[in-house]
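# build me a model from this:
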Amino acid sequence: MRTSYALIAFSVLMQAAAEAFLSGRISSGDSLRFSLLAFLGCTLLFLTVNRVRRTKHGTSVRPSPGPGAWRLFAALNVASAVTFLGLYVALVWVPAAFAASLMAGIGPLAASTLARLAGETRPAAYWARSVGLFAASLVTAAAVQPSLLDTSSWQSGPAASAAGAVLALLAGVGATVLARLSRRLGELGTAPSVVMAHRFHLTYVLAALALTSHRLAEPPRLGWGVTALVAFVGVVIPLYALQVGAQRTAATVTMALLATQPGLAYLVQGALGSPLSVPGIVAVVLLLLVASAVARAEHSLPRDGTASPARRRQVQQVQPQGQPGQQGQQDQQVGQGRQGPQEGGAERRVEDGQPVSPWL
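Below you'll find the predicted structure:
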């Protein structure tokens, strides 16, 4: 579990650095070009990785999802497009600190809401902590970047700023859906590299189509080389780390950890030479404490060892039919609910008698 948390924290830091670099430097054309390079490159990279692994291990490694998993991957593609296109377009209209705070802060609330809609119970205290985390995210944004309080200093007008805020909130909801779907695919034993190879098809297609529209794509300000470098370092690498971590971690815990992104980005900027303020440091410490409390509370929720009938049917439809006697093992795995794979979620997958690394 510590490894999963470390991977998520690493991903948060890398993505925060990329967002801080892009904020104020990009046009909508840059945003769409960045999305195209990042997610098409990610897809091609992991398709190649899966093909190499398949060649190396013969037929023991399946380079694509199982037949019944395509429905989950279709939902994953929609959620990925909403999350990342929404975020990068929002950075054109609102400051990075504000967009990141809205996206990260709404995550735990969205995770609790989706869990409730799925029939999972949440204590009232957890809802209160989620609201507190959202408030702490906004306070942190205002403390580390006081200019946010003066909206007249923003590059866009009121209408565009409101649109950017809505996109950032939608991105946060999309990120929550991604966390839940990633957890579900992890429970089904889908390799993270397979997920990374097939989750961004809709994102790069929409980015490419939008680039052809003069109304949507303003002239780019960054060169192809800089855009490609930031895309690889700020998206491809951290998203793979996040994918591995999210497949081993409950969605609500993942979103609580992601909510620390604005604060951690501020501390990293300070370590790199940017000035830090006392109110900013106090607000970041408060954010980290609240996020840690929410993560611990969610991690310590009691598990009753049962799964709903709908959950059982869903997993049975996705998982391939096994040998007689295997159904009991599947029921036991489903019954574990949000606990997922053992040993911190690092499930030991075996294909054709050969152990497969949970990292790939």
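# buried residues of the helix or strand that contains Gly270, list them for me.
Of the helices and strands defined by DSSP states H and E, Gly270 is found in helix 261-271. Buried residues in helix 261-271, counted by 16 or more other CB atoms under 10 Å: 261-270. Yep, even glycine has a C-beta here, placed from its N, CA and C like the rest.
# okay, these in a markdown table with pLDDT and distance to Leu167 next?
As requested, the buried residues of helix 261-271 are exported to a markdown table (pLDDT from 0 to 100; distance: CB to CB, whole Å):
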| residue | pLDDT | distance to Leu167 |
| --- | --- | --- |
| Gln261 | 79 | 17 |
| Pro262 | 77 | 17 |
| Gly263 | 80 | 22 |
| Leu264 | 74 | 22 |
| Ala265 | 71 | 19 |
| Tyr266 | 76 | 22 |
| Leu267 | 75 | 26 |
| Val268 | 67 | 24 |
| Gln269 | 67 | 24 |
| Gly270 | 72 | 28 |
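# could I get those residues as a markdown table with distance to Ala74?
Output for those, formatted as a markdown table (distance: CB to CB, whole Å):
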| residue | distance to Ala74 |
| --- | --- |
| Gln261 | 28 |
| Pro262 | 31 |
| Gly263 | 35 |
| Leu264 | 33 |
| Ala265 | 32 |
| Tyr266 | 37 |
| Leu267 | 38 |
| Val268 | 36 |
| Gln269 | 38 |
| Gly270 | 42 |
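# centre-most residue in this structure?
For the chain, the residue sitting closest to the mean C-alpha position, by CA atoms, centre = their mean, is Ala175 at 4.8 Å.
# which residues does that one contact?
By CB atoms under 8 Å, 6 or more residues apart in numbering, the contact set of Ala175 is 79, 83, 103, 107, 255, 258.
# which of those residues sits closest to Val236?
Thr83 (15.4 Å; CB to CB).
# picking that back up, nearest to Pro146, of the buried residues of helix 261-271?
When the buried residues of helix 261-271 are compared for distance to Pro146 (CB to CB), Tyr266 wins out at 12.4 Å.
# quick one: the closest one and Val52, what's the gap?
To Val52, Tyr266 is 39 Å away according to CB to CB, to the nearest Å.
# for Met196, same thing?
Distance from Met196 to Val52, counting by CB to CB: 14 Å.
# what about the stretch 201-350 of the chain, any weak spots by pLDDT?
The stretch 201-350 of the chain contains residues with pLDDT under 70 at 214-217, 268-269, 272-273, 299-350.
# go with 80
Residues of the stretch 201-350 of the chain that meet the criterion pLDDT under 80 lie in 213-220, 250-252, 261-262, 264-275, 294, 296-350.
# ranges for the helices of it?
For the stretch 201-350 of the chain, applying DSSP state H, counting those that start in this stretch gives helices covering 201-211, 224-231, 237-246, 251-258, 261-271, 278-299, 309-318, 326-335.
# what helices or strands is the fourth one leaning on?
Spelled out, it's helix 251-258. With contacts defined as 3 or more CB pairs under 8 Å, 6 or more residues apart in numbering; DSSP states H and E, the packing partners of helix 251-258 are helix 2-22, helix 96-117, helix 158-187, helix 278-299.
# now, of those helices, which is deepest in the fold?
The highest mean neighbour count among the helices and strands packed on helix 251-258, using mean count of other CB atoms under 10 Å, belongs to helix 96-117: a mean of 25.
# quick one: contacts of the next helix or strand along the chain from it?
Sequence-wise, the next helix or strand downstream of helix 96-117 (DSSP H and E) is helix 124-144. By CB under 8 Å, 6+ apart, the residues outside helix 124-144 that reach it are 97-98, 100-102, 104-106, 108-109, 111-112, 148-149, 256, 259, 262-263, 266, 277, 279-280, 282-284, 286-287, 290-291, 293-294, 297-298, 301.
# what angle sits between helix 124-144 and helix 96-117?
170 degrees (axes from the mean of the first three to the mean of the last three CA atoms, to 10 degrees).
# returning to what we had before: which of Met196 and Val52 has more residues huddled nearby?
Set side by side, Met196 and Val52 give different neighbour counts by other CB atoms under 10 Å, the larger being at Met196 (24 against 12).
# and the more buried one, what element?
Assigned by DSSP H and E, Met196 falls in helix 192-198.
# so Leu102 is in contact with Leu169, correct?
Yes: look at Leu102 against Leu169 with CB atoms under 8 Å: they come within range, at 5.4 Å.
# how close does Ala175 sit to Ser112?
Ala175 is 14 Å from Ser112, where distance means CB to CB.
# swap that for Pro192, sorry
Here Pro192 is placed at a distance of 25 Å from Ser112 (CB to CB).
# same for the helix holding Gly270, what does it pack against?
If you count contacts as 3+ CB pairs under 8 Å, 6+ apart, helix 261-271 packs onto helix 2-22, helix 96-117, helix 124-144, helix 278-299.
# could I get those helices as CSV with distance to Ala162?
Putting those into CSV (distance: least, CB to CB, whole Å) gives the following:
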stretch, distance to Ala162
helix 2-22, 20
helix 96-117, 12
helix 124-144, 16
helix 278-299, 24
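# Gln247 is nearest to which of those?
Nearest to Gln247, of all the helices and strands packed on helix 261-271, is helix 2-22, at 8.5 Å by CB to CB.
# for that closest one, packing partners?
Partner elements for helix 2-22 (3+ CB pairs under 8 Å, 6+ apart): helix 28-57, helix 70-93, helix 96-117, helix 224-231, helix 237-246, helix 251-258, helix 261-271.
# so which of the ones you listed comes closest to His201?
Among the helices and strands packed on helix 2-22, if distance is taken as CB to CB, the winner is helix 70-93, at 5.6 Å.
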